[in-house]
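Trainee: Let's see this in three dimensions:
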Amino acid sequence: MSVAVRSSVRELRRQAKRWIDELPPELLQVANCFLAFLDEHENDSATRELLRIPGLDKALRRAEEDIAAGRVTPVARLRRKY
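Mentor: Residues are numbered from 1 along each chain as shown. Predicted coordinates for the structure are as follows:
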């Protein structure tokens, strides 16, 4: 890692710590949950592998939109059809 990148990362950590120190307890809990979420997903090799699939994010958004709009086929109907 270059000196500039290390310096930038160091400054980001300092800024994040300052913000965390200033958060009220309720928001500190939210921030803590979010950081735990990031840590859990960063360490999940399957998640990292999936995130490398080109176009996956667009396909997931499209699927969520289809579900919300009711453009789905129930599993029971699929079983009868196929």
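Trainee: quick one: average pLDDT of the longest helix along the chain?
Mentor: Counting by DSSP state H, the longest helix found in the chain is helix 3-22. Computed over helix 3-22, the mean pLDDT rounds to 85.
Trainee: Which SSE is immediately downstream of it?
Mentor: Next along the chain after helix 3-22, taking DSSP states H and E as the criterion, comes helix 25-42.
Trainee: what's that following helix in contact with?
Mentor: 20, 23, 47-48 (Cβ atoms under 8 Å, 6 or more residues apart in numbering). Every residue, glycine included, has its C-beta placed from N, CA and C.
Trainee: just how off-centre is stretch 17-35 within its chain?
Mentor: 18 Å (Cα atoms, centre = their mean, to the nearest Å).
Trainee: ugh, typo on my part, it should be stretch 68-82
Mentor: The answer for stretch 68-82 is 28 Å, by Cα atoms, centre = their mean.
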